[in-house]
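Trainee: the sequence and its predicted three-dimensional model are supplied below.
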Amino acid sequence: MKNVLMVCLGNICRSPAAEGFFRHLIKEHRLPIDVDSAGTSDYHIGEAPDPRMQQVMLSRGIDISALRGRQVNAADFERFDHIYAMDGSNFAHLTSLAEQCAPEHAHKVELFLQTLHRDNRSEPEEVPDPYFGGQAGFEACVDLIQRGAVKRIEQFKE
């Protein structure tokens, strides 16, 4: 069983969407993977995902309404085999935290879209935060997350 953690800033937009897509794909492909999500900040602990993100995900057949925000902690570096940051800022935060509390696990931290970008340089390396944008920003964000999730799941199937 592999354990995967999706991480963004507040754990109410990007990382719950990534968790939702992973859960959907894990079930579809019957893969032995457990997935969770967290935020690097404590802004939204205990809160449901942003209603705009819930709406976009639901329009794609994935319900993330039961997920609740939590903050990354030191134990996550022990528990998870792969820790995917949605952007460079969260990657830097996670790397710093790992170096402070679990340096032997710092290698587990990667940018979520890293493999997608490596295979196609026209793909972005980061998932932009849609929080302060409009509906189009949430749609574009979810498009990227979906492509990234499919690519990551392909890796686990190999």
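Mentor: Perfect, I can see it now.

Trainee: worst-scoring helix or strand of the chain, pLDDT-wise?
Mentor: helix 114-119 (a mean of 85; mean pLDDT, DSSP states H and E).

Trainee: what helices or strands is that helix leaning on?
Mentor: With contacts defined as 3 or more CB pairs under 8 Å, 6 or more residues apart in numbering; DSSP states H and E, helix 114-119 has these neighbours: helix 135-157. Heads up, the C-betas are built off the backbone N, CA and C, glycines and all.

Trainee: average pLDDT across the helix it packs on?
Mentor: In this model, helix 135-157 has an average pLDDT of 95.

Trainee: ok, and for that helix, which residues are buried?
Mentor: The neighbour-count check on helix 135-157 (16 or more other CB atoms under 10 Å) flags 137-138, 140-142, 144-146, 148-149, 151-153, 156 as buried.

Trainee: repeat that for stretch 33-47.
Mentor: I33, V35, D36, S37, A38, G39, T40, S41, H44.

Trainee: between the residues you listed, which is closest to D76?
Mentor: Distance ranking of these against D76, using CB to CB, places A38 first at 6.6 Å.

Trainee: just to revisit the earlier point, in JSON lines: the buried residues of stretch 33-47, plus secondary structure.
Mentor: Below are the buried residues of stretch 33-47 laid out as JSON lines (DSSP: H, G, I helix; E, B strand; the rest coil):
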{"residue": "I33", "secondary structure": "strand"}
{"residue": "V35", "secondary structure": "strand"}
{"residue": "D36", "secondary structure": "strand"}
{"residue": "S37", "secondary structure": "strand"}
{"residue": "A38", "secondary structure": "strand"}
{"residue": "G39", "secondary structure": "strand"}
{"residue": "T40", "secondary structure": "coil"}
{"residue": "S41", "secondary structure": "coil"}
{"residue": "H44", "secondary structure": "coil"}
